[in-house]
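S.K.: got a sequence here, can you model it:
(chains A and B)
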Amino acid sequence: MDTQIKFYQTGTFTVGNRLLTEEQRTVQADMHRTNSLNSGHRACQGCGEALGARYAIDAAMRATGNQLIAVNATGCLEVFSTPYPETSWQIPWIHSLFGNAAAVATGVAAAQRVLGRTDVRVIAQGGDGGTTDIGFGCLSGMFERNDDVLYICYDNEAYMNTGVQRSSATPPTARTATTPAVGTAPGNVFGTGKNVPLIAMAHRIPYVATASVANLRDLEQKVTHAMEIHGARYIHIFVPCPLGWGSAPEDTILIARLAIECGLFPLFEAHDGKVTSRTPIRRQVPVTEYLNKQKRFAHLFGKTPDTARIDQMQRMADQNIADFGLLQ
Amino acid sequence: MLKQTEGSHAVAEAVALCRPQVICAYPITPQTHIVEGLGEMVKAGELVNCEYINVESEFAAMSVAIGASAAGARTYTATSSQGLLFMAEAVYNAAGLGLPIVMTIGNRAIGAPINIWNDHSDSMSMRDAGWIQLYAETNQEALDLHIQAFRLAEELVCPVMVCMDGFILTHAYERVDMPTQRQVDAFLPPYVPRQVLDPSDPVSIGALVGPEAFTEVRYLSHHKQLRALGLIPELAAEFKKTFGRESGGLIRTYRSEDAETIVVALGSLNGTVQEVVDAMRESGSRIGSVSICSFRPFPLAVLREALRSAKRVVVLEKCLAVGLGGIVSDGVRKSLSGIQLNGYTVIAGLGGRAITRASLTRLFEDAERDELEQVTFLDLNADVVSHELERESRTRRTGPTAEAILRRIGTVASQIG
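M.R.: Predicted structure coming up:
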């Protein structure tokens, strides 16, 4: 980010808005924020996706002067936001199918060009299932054509809307309804899954970033930056799911922060396929601190801890730290 | 303007005259020449103010079309066969959302076994998706129907499929009368959406609908099609006034007024049927035919009127409802509820099997004597079938069926009659 912020509130690592100039304050701190995803929706307590979407879309609204259309894949966000006759969306919003949000957004963007509405920008959004699995073909197509769409994936690492089944974003050993914590290798298996931010970068699209609800200022800035760019853009946001992860609703931010600090979820930006910035880890925490707060990993911490698998998770975190140079 | 051109290019030109704003292109035989033609026109600057998008699948093609149409653009795509099945989920979605997309189907069989030739299995599989389905008899009608289709789709906010027989029409060079831009503009006003994604008037489109409203939403889709039963003939009449020729409508009858035997068919097959009707009329037969242009909505009332005085109806179908027989026959028989006459279903032309005048003559003569089975497969090679059945009764591990049959038949050329 352009502005180096050096004042931190003691103990929290977050920056108080009052320490900043008005321009540096968050979109959410702005009285004129659009509340694009308005209150009253049906998300669970502590839902990371609702939080991430609220910050992301409000930031995109401010960046575009409120000239925004959103396309939503089927999933939690779609269901909890539009329990008609109520809708939380204060922006033009369309849901078509589970696997086609990127393509529908391509169509919306094409219509804006042909109708001469070049000021109107388009966002597609979905969960990890709708992005990394069933919507992956359409996503890759939108990337390679460099369509003028920002795609946001809210990654809660499984199919939560259908009852917590494994997706290709589910981490190893995690318990889901289709990777139960039974047998000699409980939970999801090692050596599977895909890293969509890196795949997005391989398309050489103008902008790729990861973000987290633990760092909402960073999230807002990345969305804002993405809206300054034309062409295909991708932001992958880490959003804990208390229901699916078996974590306490009040721990959503804490868990998201631990995922960053242990190295399992690196925060970075990439322009034109090259990593251009990463958020350093100030104090690396062991993965156990992240894992032991979630019931989906509870089988690792029984009477005899599964040190082999915990070590394997630690090696994954260490590898990320080495790959992205997160310890500086 | 009269010109000699390929069916696909004629359709491409007609679509271009309709001023589409977004076109999604994905190749599949035998539809491909249409989107190629449109791509060339966009690239050459002949078709302006149009976004031509090369997508990565038919599912994406229909999805891009959904987005473009919901954002207020006149949207077109084309597909065939497996492509239509691959986009099936989005096909239903487009209709459910009430988006007036126009799509050409270059009718082709569905595999396995894989087959690129013509029958109606593809579009018939989507008959209940909520789209209007119009079937073209000739290349002229195919191009004319597209002009009517945009008007129809946009008035009803309901997507329309124009179905034209793969290869038989798409790849045939015929003389067509290409309308002028001014004629088309007079017939087809600019698209004004009923619902549109617009930041100045935000709406949510595509919300979850529960049991409290789902039936009503579905009924209104049905109601649209019932309205189309009136609108389709009206547009055909208006089209005749503007363009000076008959195209479209619900059905077309041919020498059926005093006919005892009436043949019902869809699409290009009607040309051959009419020739056989003429020949049989000359030798004293009281035979006629009905071409169904609008399969969805299904024209029950006009069909009943056309068929009610006949003694028998032969429905020629280029598709098979496996385990039942005919698909078109179901509708035809429904239209004849309470009327006593003999009804026959004939499955013909599957996977491009040639439907010859000789075969049809034999078939219709059998029908006149009421010597047809309820469901007949035209020119079915009984030897091949019985040999394969016999082989299957002898051995467990018979291997793949289609390949065994091909081995026995030998070269393809010898099968074309």
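
S.K.: quick one, helices of the stretch 101-250 of chain B?
M.R.: With DSSP state H, counting those that start in this stretch as the criterion, the stretch 101-250 of chain B has helices at B:121-125, B:139-156, B:181-187, B:214-243.

S.K.: distance to chain A and mean pLDDT for those - can I get that in TSV?
M.R.: Any C-beta I mention is one placed from the backbone N, CA and C, and that applies to glycine too. Written out in TSV, the entries for these read as follows (distance: least, C-beta to the nearest C-beta, whole Å; pLDDT from 0 to 100):
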stretch	distance to chain A	mean pLDDT
helix B:121-125	18	98
helix B:139-156	15	98
helix B:181-187	18	98
helix B:214-243	11	97
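
S.K.: for the residue nearest the centre of chain A, what are phi and psi?
M.R.: With distances taken as C-alpha atoms, centre = their mean, chain A has A:Ile237 as the residue nearest its mean C-alpha position (1.2 Å). Dihedral angles phi and psi of A:Ile237 (degrees, to the nearest 10) take the values phi -110, psi 130.

S.K.: correct me, but it touches A:Asp155?
M.R.: Yes: distance between A:Ile237 and A:Asp155: 6.5 Å, which falls inside the contact criterion (C-beta atoms under 8 Å).

S.K.: quick one: secondary structure of B:Thr77?
M.R.: strand (DSSP: H, G, I helix; E, B strand; the rest coil).

S.K.: what's the neighbour count on it?
M.R.: Residue crowding around B:Thr77 was assessed by other C-beta atoms under 10 Å in any protein chain shown; the count is 28.

S.K.: doesn't B:Ser63 make contact with it?
M.R.: No: contact criterion C-beta under 8 Å: B:Thr77 and B:Ser63 do not qualify, at 10.3 Å.

S.K.: for chain A, what are the nearby residues on the stretch 51-200 of chain B?
M.R.: By the rule C-beta under 8 Å from any C-beta of the partner chain, the part of the stretch 51-200 of chain B lying against chain A is B:51, B:53-57, B:59-60, B:63-73, B:75, B:89-90, B:93, B:97, B:197-199.

S.K.: so which of these sit within strands?
M.R.: B:51, B:53-54, B:75 (DSSP state E).

S.K.: which one of those residues has the most neighbours?
M.R.: Neighbours here are counted as other C-beta under 10 Å. On that basis the top member of these is B:Thr75, with 34 neighbours.

S.K.: can you give me the helices in chain A?
M.R.: Here chain A has its helices, by DSSP state H, at A:48-63, A:76-81, A:101-114, A:128, A:136-144, A:196-202, A:216-227, A:242-245, A:252-262, A:287-291, A:307-324.

S.K.: which one of the ones you listed lies nearest to B:Ile110?
M.R.: Checking the helices of chain A against B:Ile110 by C-beta to C-beta gives helix A:136-144 as the closest, at 21.0 Å.

S.K.: do that closest one and chain B come into contact?
M.R.: Yes: contact check for helix A:136-144 against chain B, using C-beta under 8 Å from any C-beta: residues in range are A:137-138, A:140-141, A:144.

S.K.: residues near the residue in the stretch 151-300 of chain A that chain B sits nearest to, how many?
M.R.: Distances from the stretch 151-300 of chain A to chain B, computed as C-beta to the nearest C-beta, single out A:Asn161 as the nearest residue at 10.9 Å. Residues within reach of A:Asn161, counting by other C-beta under 10 Å, total 20.

S.K.: burial measure for the nearest residue to it once chain neighbours are set aside, as a count.
M.R.: With sequence-adjacent residues excluded and distances taken as C-beta to C-beta, 6 or more residues apart in numbering or on different chains, A:Asn161 is closest to A:Cys76, at 4.5 Å. Here the count is done by other C-beta under 10 Å, and A:Cys76 has 28 residues near it.

S.K.: what of B:Arg362?
M.R.: Other residues within reach of B:Arg362, judged by other C-beta under 10 Å, total 14.

S.K.: name the helix or strand for it, please.
M.R.: Element membership of B:Arg362, judged by DSSP states H and E, is helix B:357-368.

S.K.: does B:Met87 touch B:Val64 like I think?
M.R.: No: applying C-beta under 8 Å, one finds B:Met87 not in contact with B:Val64, separated by 10.6 Å.

S.K.: of those two, who's got more company?
M.R.: B:Val64 (37 against 27).

S.K.: what's near enough to touch A:His299?
M.R.: A:173, A:175, A:181, A:186-187, A:306 (C-beta atoms under 8 Å, 6 or more residues apart in numbering or on different chains).

S.K.: and those residues, which two are furthest apart?
M.R.: By the measure C-beta to C-beta, the contacts of A:His299 have their two most distant members at A:Arg175 and A:Asp306, which lie 12.5 Å apart.

S.K.: neighbour count: the two, which is higher?
M.R.: Comparing A:Arg175 with A:Asp306 by other C-beta under 10 Å, the one with more neighbours is A:Arg175, at 26 against 18.

S.K.: wait, the more buried one touches A:Gly183, no?
M.R.: No: taking C-beta under 8 Å as the definition, A:Arg175 is not a contact partner of A:Gly183, at 11.6 Å.

S.K.: give me the phi and psi for residue 39.
M.R.: Since you didn't name a chain, this refers to chain A. phi -70, psi 160.

S.K.: buried residues in stretch B:279-290?
M.R.: B:280, B:285-290 (16 or more other C-beta atoms under 10 Å in any protein chain shown).

S.K.: narrow those to those in strands?
M.R.: Per DSSP E, those map to strands at B:287-290.

S.K.: let me know which of the helices of chain A is tucked in deepest.
M.R.: Of all the helices of chain A, helix A:101-114 carries the top mean neighbour count, a mean of 30, counting by mean count of other C-beta atoms under 10 Å in any protein chain shown.

S.K.: that one close to chain B?
M.R.: Yes: using C-beta under 8 Å from any C-beta, helix A:101-114 comes into contact with chain B via A:103-114.

S.K.: quick one: which two of the ones in strands among the residues of the stretch 51-200 of chain B next to chain A are the most distant?
M.R.: For those, with distances taken as C-beta to C-beta, the pair at the greatest spread is B:Asn54 and B:Thr75 (15.2 Å).

S.K.: in the stretch 151-300 of chain A, which spans are strands?
M.R.: Listed from the start of the chain, the stretch 151-300 of chain A has strands (DSSP state E, counting those that start in this stretch) covering A:207-212, A:233-238, A:268-271, A:274-278.

S.K.: and the angle for the last one with helix A:307-324?
M.R.: Inter-element angle recorded for strand A:274-278 and helix A:307-324: 110 degrees (by axes from the mean of the first three to the mean of the last three C-alpha atoms, to 10 degrees).

S.K.: state the mean pLDDT of strand A:274-278.
M.R.: The predicted model assigns strand A:274-278 a mean pLDDT of 97.

S.K.: and if you look at the shortest one?
M.R.: This predicted structure assigns strand A:268-271 an average pLDDT of 98.

S.K.: any idea which helix or strand in chain B has the lowest mean pLDDT?
M.R.: Of all the helices and strands that make up chain B, the one with the lowest confidence by mean pLDDT, DSSP states H and E is helix B:401-409; it has a mean of 91.

S.K.: in the stretch 1-150 of chain A, what residue lies closest to chain B?
M.R.: Here the residue of the stretch 1-150 of chain A nearest chain B is A:Gly107; by C-beta to the nearest C-beta that distance is 2.5 Å.
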